[in-house]
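Student: Curious how this folds, go ahead:
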Amino acid sequence: MIRFLKALILLPVAILIVLLAVANRAPVTLSLDPFSQEAPEFAFQLPLFAVIFAAVMLGVVIGGTASWLAQGKNRKSRRKLRRETRQLRYETERLKAQGPATTTLPATVSSAPARSF
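Tutor: Numbering: from 1, shown residues only. Have a look, this model is predicted:
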């Protein structure tokens with residue numbers, strides 16, 4: 001079922017990408033020299049779809065990196081909680097292996113009437 005849904009979504013996307021590439025194959029000049037417009041030092045002739053795809057891929061990488069960095073605190077706290085859980089499980093198993101508890105329970109608090117305000 002999931003394979004069918006992936007195909008249902010990805011097939012139209014793939015068709016659109018191919019159509020975009022076919023429609024935009026004219027070469028454009030990508031200049032990396034902001035100072036010289038007539039004779040740029042670093043310039044490349046690329047098809048427009050290559051420039052578009054490269055920009056999209058760069059945006060995905062930058063967005064993914066920013067998202068990963070922003071979630072660093074969550075990952076750190078999750079590691080800490082995982083360590084604490086592992087330690088508590090170990091301690092629980094150790095206490096179960098010792099047998100019945102021989103400690104006494106603390107005395108209960110007297111049942112004094114509650115104060116109302």
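Student: if I look at the residue nearest in space to the middle of the chain, how far off is residue 62?
Tutor: With distances taken as CA atoms, centre = their mean, residue 68 lies nearest the centre of the chain, 5.1 Å away. Plainly put, residue 68 is 11 Å away from residue 62 if you go by CB to CB, to the nearest Å. In this view, the C-beta of every residue, glycine as well, is placed from N, C-alpha and C.
Student: One more: residue 2?
Tutor: Taking CB to CB, one finds residue 2 at 29 Å from residue 62.
Student: more crowded one of the two?
Tutor: The residue with more neighbours, out of residue 2 and residue 62, is residue 62; 10 against 6, by other CB atoms under 10 Å.
Student: Give me the pLDDT value at the more buried one.
Tutor: You'll see residue 62 listed with a pLDDT of 97.
Student: again, but for the one 10 residues further on
Tutor: Each residue has a pLDDT score; the one for residue 72 is 94.
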